[in-house]
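Student: fold the following, please.
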Amino acid sequence: MRQTIRKHIEGKSVGILGFGREGRATLPWILEDNTASKVAILDLNPVTLPDDINAKYGDKIQLITGEDYQKNLNDFDVIFKSPGIVLDKEKDYYTCKILSEMDIFFETYKNQIIGITGTKGKSTTTTLMYHVVKMAGKKALLAGNIGIPVFDIARDIDKETLLVVELSCHQLEYATVSPYIGVLLNIHEEHLDHYGTMEKYVAAKENIYRNQILDDILFCQQELSPRDAKSKVITVGAMDVCGDEDADIYVKDNVINIKSNKLGETNLSYQIPVDDIPLMGNHNYYDIAVVYGIAKYLNIDDNTFEEALKTYEPLPHRLQNIGTVDGITFYDDSISTIDETTIQALNTLKDADSVIIGGMDRGISYESLEKYLSECKVPHIILMEATGQRIYKEIEENYPDFKSKERIVLVSNLQEAVKVAKEVTSKGKSCVMSPAAASYGIFKNFEERGQVFKKLVHEKI
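Tutor: Model (predicted):
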C-alpha cells in the first residue's frame with residue numbers, strides 16, 4: 001500500500017481534512033513515506049498530536065484549525081478527506097485532488113475486498129460475513145465503517161487475506177474504485193441533512209458498483225438492480241418481500257433459494273435454522289441470504305455456514321434483548337433511524353405490548369410508519385422528542401380513522417418514555433425502543449442512546 005500512497009503524494013503538499021479516527025490512522029502512513037513536500041492537519045476543533053508523532057514529526061506538521069479550516073484547501077495538491085467532513089463547496093470547485101483512506105485501500109487491494117453497503121443491515125451483514133469466512137478457515141480481516149479504519153489493518157494484509165469491509169455512503173461518496181465483490185443491501189431515505197437530496201445520497205451508495213469491471217460481482221437488492229453495471233449482478237429478494245421469487249436469491253418460508261446459474265450452481269436451497277440462531281426477523285433472514293450467496297460464491301459448504309450462523313453473536317442495539325424487569329422483556333433497537341426499521345421490529349416481535357419512538361427530526365418522511373401504526377395492534381405507542389411530536393401532529397392531522405388513538409402517549413424524553421413503558425406494558429409481554437430517528441443532538445450516537453435505555457430499564461422507579 002505504501003507504493004500506492006507514494007504515487008499520490010510524492011513531492012506534493014498534503015492536507016489531512018478531519019483528525020478523527022480515520023485522519024489519525026492516515027497520518028502515520030503519510031509521515032512514514034516521507035515524500036510529501038508539506039503535511040498539514042485541518043480540523044474545526046483544536047488538534048493534539050499523539051506524543052510519539054509530536055516528538056518525531058511535530059515541527060514538520062502544520063495545524064490549521066477553527067471555523068476557516070476549509071478556507072484554503074486549494075493551497076494543497078492533495079487532500080485526504082475524512083468521511084464525516086462535509087465540504088464547504090461542490091467537489092468540482094477544488095483544484096486539489098481529494099482522496100480518502102478508502103480510495104487508497106481500494107486501489108491497492110480491490111481484488112481481495114468484499115465491500116458491503118446499504119442504509120440498514122450493513123453492520124450485521126459485514127460481521128456475519130466475516131464470521132462465516134473465518135469459520136471456513138480463510139484468512140480474513142474486518143474493517144471500515146464498523147469502527148476499524150482500513151489503514152489500521154493494512155500492515156497485516158497478505159495476498160491470501162480476504163478483506164470484509166463495511167462501507168458508509170460517506171466513504172463511498174467520491175470513490176473512483178469499486179470492490180471485487182460488492183453488496184448493495186438496500187437504500188432508504190437517510191442522511192438528507194448531509195446530502196440535501198435523495199439523488200445525491202443514492203449516487204454515493206451506487207459507487208459500490210459504479211467502477212466495477214466485467215470480472216467483478218455485485219449482490220444487490222432486486223429492486224435496486226442496476227442496468228448500467230459492468231459487473232455480474234446477483235439479485236436478492238427485498239427485505240420486505242423476502243419471498244420475491246423473481247430474484248436470483250430469495251427467502252420463502254425461512255428457506256434460502258438460489259435459482260441462478262450465475263453462482264455456478266442452480267436450484268440450491270438452504271433451510272435457515274431459525275430456532276437455533278440468535279438473528280431473528282425477515283430483515284435478518286434477508287441479510288443471511290446475501291451472506292449465503294457470497295458463501296456459495298466462495299465455495300463454503302452448508303455445514304460450515306450453519307455452524308457460523310449458530311455461533312454468530314449479534315451486534316448490540318439491533319433488536320437486542322436487554323433483559324426482563326418486573327415481567328416485561330425489553331428490546332434495544334437503537335440502531336433504528338428510519339421508519340422501515342421500526343416496522344420490521346414490530347413485525348418481528350409478535351408480543352410487543354409497547355413501542356418507544358422518536359429522536360432528532362431530520363425531515364424524513366414518516367408516512368409509512370404512521371400508516372402502519374394506524375393499523376397495527378400494538379396497545380401502547382410512546383412518542384418522544386422532536387420526531388415523536390411531529391408524528392403525533394401528523395397523525396392528528398392526516399389520520400382521522402387512526403385505530404384507538406388513545407394508544408398514543410406523548411412524552412418529552414427517553415427517561416419519561418421508559419417510565420411510562422414500565423407502567424403500561426403488560427407482564428409477560430415486551431417493550432421495544434425502536435426510535436425511527438437519529439440520536440444526534442440528544443445523545444452522542446445510537447450506541448449511547450442504547451446504553452442509556454438499558455440503564456433506565458434496569459433502574460428501580
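
Student: please make it C-alpha for all contacts and neighbour counts, starting now.
Tutor: Noted.

Student: could you list the low-pLDDT ranges of the stretch 1-150 of the chain?
Tutor: In the prediction, the stretch 1-150 of the chain carries no residues with pLDDT under 70.

Student: hey, where'd the strands end up in it?
Tutor: With DSSP state E, counting those that start in this stretch as the definition, the stretch 1-150 of the chain shows strands at residue ranges 13-17, 38-43, 61-65, 78-81, 97-99, 113-117, 140-144.

Student: give me the contact list for the next helix or strand after the last one.
Tutor: Under the assignment DSSP states H and E, the closest C-terminal helix or strand after strand 140-144 is helix 150-153. By CA atoms under 8 Å, 6 or more residues apart in numbering, the list of residues contacting helix 150-153 from outside reads 22, 25, 26, 101, 102, 105, 141, 143, 144.

Student: hmm, back to that, and residue 405, which of the strands of the stretch 1-150 of the chain is closest to it?
Tutor: strand 113-117 (37.8 Å; CA to CA).

Student: picking that back up, out of the strands of the stretch 1-150 of the chain, which gets nearest to residue 333?
Tutor: strand 113-117 (19.6 Å).

Student: elements contacting the closest one?
Tutor: Counting by 3 or more CA pairs under 8 Å, 6 or more residues apart in numbering; DSSP states H and E, the packing neighbours recorded for strand 113-117 are helix 122-135, strand 162-166, strand 181-184, helix 207-210.

Student: partners of that strand in the sheet?
Tutor: Applying DSSP bridges, strand 113-117 is found paired with strand 162-166 (parallel), strand 181-184 (parallel).

Student: want to throw the helices and strands packed on strand 113-117 into a markdown table with mean neighbour count and distance to residue 284?
Tutor: A markdown table is the format used below for the helices and strands packed on strand 113-117 (neighbours: other CA atoms under 10 Å; distance: least, CA to CA, whole Å):
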| stretch | mean neighbour count | distance to residue 284 |
| --- | --- | --- |
| helix 122-135 | 23 | 8 |
| strand 162-166 | 25 | 16 |
| strand 181-184 | 26 | 15 |
| helix 207-210 | 25 | 21 |
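
Student: now these as TSV including distance to residue 328?
Tutor: Converted to TSV, the helices and strands packed on strand 113-117 look like this (distance: least, CA to CA, whole Å):
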stretch	distance to residue 328
helix 122-135	26
strand 162-166	35
strand 181-184	37
helix 207-210	42
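
Student: between these, which one is nearest to residue 112?
Tutor: Between the helices and strands packed on strand 113-117, strand 162-166 lies closest to residue 112; by CA to CA that is 5.2 Å.

Student: how far off centre is that closest one?
Tutor: With CA atoms, centre = their mean, to the nearest Å as the basis, strand 162-166 stands 14 Å off its chain's centre.

Student: who touches it?
Tutor: Strand 162-166 is contacted by residues 112-117, 122-123, 126, 129-130, 138-146 when judged by CA under 8 Å, 6+ apart.

Student: ok, stretch 369-377 next?
Tutor: Applying CA under 8 Å, 6+ apart, the contact partners of stretch 369-377 are 339, 340, 342, 343, 391, 395, 399, 401, 402, 403.

Student: swap the cut-off to 10 Å and go again
Tutor: 338-343, 346-347, 350, 352-353, 366-368, 381, 391-392, 394-395, 398-405, 407-408, 436 (CA atoms under 10 Å, 6 or more residues apart in numbering).

Student: count of residues packed around residue 439?
Tutor: Using other CA atoms under 10 Å, residue 439 has 24 neighbouring residues.

Student: point to the residue nearest the middle of this protein.
Tutor: residue 122 (4.6 Å; CA atoms, centre = their mean).

Student: hmm, it is touching residue 114, no?
Tutor: No - using CA atoms under 10 Å, residue 122 is not in contact with residue 114, being 11.9 Å away.

Student: what touches both of these two?
Tutor: Shared contacts of residue 122 and residue 114, defined by CA under 10 Å, 6+ apart, comprise 165, 166, 183.
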